[in-house]
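Colleague: Predicted model, plus sequence, below.
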Amino acid sequence: MVKRNPAVHWAWVILGICFINLFVNYSVRLGYGVVLPEMIRTLDLSRAAAGTIYNSYLFTYIAITPLTGYLTDRLGARRVISVCLLVLGIAVVMMGTVKTLWSASFFFGLAGLGATGLWAPVITLVQRWFAFQRRGLALGVLSAGYGLGFATMGILFPLIVESSSWQYAWFILGGMALCMVMINAIFLRSDPQNVGLEPWGLKADVAGEIESLAAAEKKISLRQLLRNRRFWLIGFSYFAIAYSLYGITTFMVDYAKYQLGLPLEKASLLATIHGIGQICGVLTVLPLSDYLGRKKTIIISNTFITAALVGIIIVGNSWIMLCVCVGVLAIFYGVTFPIYGACAGDYFPKESMGTVIGAWTPFYGVGAILTHWVTGTLRDSTGIYNHTFIISVLMALAGIFLMSRVKSDR
């Protein structure tokens, strides 16, 4: 039996802590693209090698995330998130000490292990603390954390590099992750029912109906999940759009600096525009998905992503139009990952959300890994990014088609 919600619901404390978790995690992940030009210069690495470093992160991430999602459903999000933050913090601090390709790959791979607890468990936790019809709003606020992380790194990293070196950027980020370990361990709660609360936003007149539905739902087994057509359609759509997005975002600063000939300060500004665009997108489009439905919102989002990618190819070094295209891409980039995650709560039992989100992560990860290899290799061999961007457009179109085959929301 749950008690009435207090004036300040603990769900908002959970959301605030998870917001900072995502800020730190995505500052690490997306900040790599900003610091990339200086790293490859001082370590004398090729762009294919730079892609290999990031892929070591993604290999670990996609291999372990299904297990992390499963453990979230079994052990609770608080334990999983706290331990993973500790691993992330240590690994990122060590990134500031690397001298070779292999040491960078090892420690960024270890960072990927820590990051497994800072996406699937986080959005699973937040969805459990907010009512079904308020999840888009909650995920919108939450996802502003990674947009803010990208925007902040676009401003701070060039300043840190200029005043000291790129190594200090990793030291700062690692320290932030370590500071969050105890905060999460003390204040997070894995489920509102464990502390006698209802999810925030649950209407009194439908609370009984929702509880009856929840009681009727059962956890879905991995075998049942792998036999579910909807799971595969959404998963492959996730793969396709991840490929298209990471093909441009990871190499965006390098593209602007070396292919378009922009100075580093101006090229890095694209990362800030990208981060601000993400914040705008998650605070507007994700709440709108509560009314439009996840499927329709994903199709609209992927359509705008396709158009923005085409625009980046066409506008060339026109600075204003490049900023506009990157901004549009960013608005829907920020929406993509949480809204695919929200599909787990819409299409599958809430008790299995962590397992479902974790099982979808390899689709996303393989798409990102594949695009890094293809993009880095083609750029090194041809000297330009245009061919890889065209492939990204085609993959975005595939993502639209696959999602259109998914049946409507429950």
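Modeller: Happy to help now that I have it.

Colleague: Tell me the spacing between residue 382 and residue 131.
Modeller: To residue 131, residue 382 is 51 Å away according to C-beta to C-beta, to the nearest Å. (Each C-beta comes from the backbone N, C-alpha and C, glycine too.)

Colleague: Which one of these two is surrounded by more residues?
Modeller: residue 131 (19 against 11; other C-beta atoms under 10 Å).

Colleague: Check the gap between the more buried one and residue 120 for me.
Modeller: Residue 131 is 20 Å from residue 120, where distance means C-beta to C-beta.

Colleague: Could you do residue 192 as well?
Modeller: Residue 192 sits 19 Å away from residue 120 when distances are taken as C-beta to C-beta.

Colleague: ditto for residue 389
Modeller: Distance from residue 389 to residue 120, by C-beta to C-beta: 29 Å.

Colleague: what element comes up after the helix or strand where residue 335 lies heading to the C-terminus?
Modeller: In this assignment (DSSP states H and E), residue 335 forms part of helix 319-347. Counting by DSSP H and E, the next helix or strand C-terminal to helix 319-347 is helix 353-382.

Colleague: Sort out which residues of that following helix are buried, please.
Modeller: Residues of helix 353-382 classed as buried: 353-372, 374-376, 378-379 (neighbour count, 16 or more other C-beta atoms under 10 Å).

Colleague: Would you pull up how far it lies from the middle of the chain?
Modeller: Distance, stretch centre to chain centre, for helix 353-382: 12 Å (C-alpha atoms, centre = their mean, to the nearest Å).

Colleague: how far off helix 319-347 does it point, in degrees?
Modeller: In terms of direction (axes from the mean of the first three to the mean of the last three C-alpha atoms, to 10 degrees), helix 353-382 departs from helix 319-347 by 150 degrees.

Colleague: Next, count neighbours for the nearest residue to residue 357 once chain neighbours are set aside.
Modeller: Here the nearest residue to residue 357 in space, its sequence neighbours aside, is residue 120; by C-beta to C-beta, 6 or more residues apart in numbering that works out to 4.2 Å. Applying other C-beta under 10 Å, we find 29 residues neighbouring residue 120.

Colleague: Show the contacting residues for residue 120.
Modeller: By C-beta atoms under 8 Å, 6 or more residues apart in numbering, the contact set of residue 120 is 65, 68, 69, 72, 341, 354, 357, 358, 361.

Colleague: And the last one, how far from residue 235?
Modeller: Spelled out, that is residue 361. Separation of residue 361 from residue 235 (C-beta to C-beta) stands at 9 Å.

Colleague: And for the fifth one?
Modeller: Between residue 341 and residue 235 the distance, using C-beta to C-beta, works out to 12 Å.

Colleague: Identify the contacts common to those two.
Modeller: residue 360.

Colleague: higher neighbour count, those two?
Modeller: Neighbour totals were compared for residue 341 and residue 235, and residue 341 leads with 27 against 21 (other C-beta under 10 Å).

Colleague: Leaving out sequence neighbours, find the closest residue to the more buried one.
Modeller: Counting by C-beta to C-beta, 6+ apart, residue 123 is the residue found nearest to residue 341 once chain neighbours are left out, at 4.5 Å.

Colleague: Sticking with residue 240, tell me its helix or strand.
Modeller: Per DSSP H and E, residue 240 falls inside helix 229-249.

Colleague: List the contacts of the following helix or strand past that helix.
Modeller: Counting by DSSP H and E, the next helix or strand C-terminal to helix 229-249 is helix 252-254. Applying C-beta under 8 Å, 6+ apart, the contact partners of helix 252-254 are 33, 34, 36, 37, 47, 264, 267, 268, 270, 271, 274, 326.

Colleague: Looking at those residues, which one is closest to residue 304?
Modeller: Distance to residue 304 across those (C-beta to C-beta) is lowest for residue 326, with 12.6 Å.

Colleague: what's near enough to touch the closest one?
Modeller: Counting by C-beta under 8 Å, 6+ apart, residue 326 makes contact with 252, 270, 273, 274, 277, 308, 312.

Colleague: what's the spacing between it and residue 36?
Modeller: Distance, residue 326 to residue 36, by C-beta to C-beta: 16 Å.

Colleague: and the angle for the lengthiest helix in the chain with helix 319-347?
Modeller: Using DSSP state H to define each element, the chain has its longest helix at helix 10-42. Here helix 10-42 points in a direction 140 degrees away from that of helix 319-347 (the same axes, to 10 degrees).
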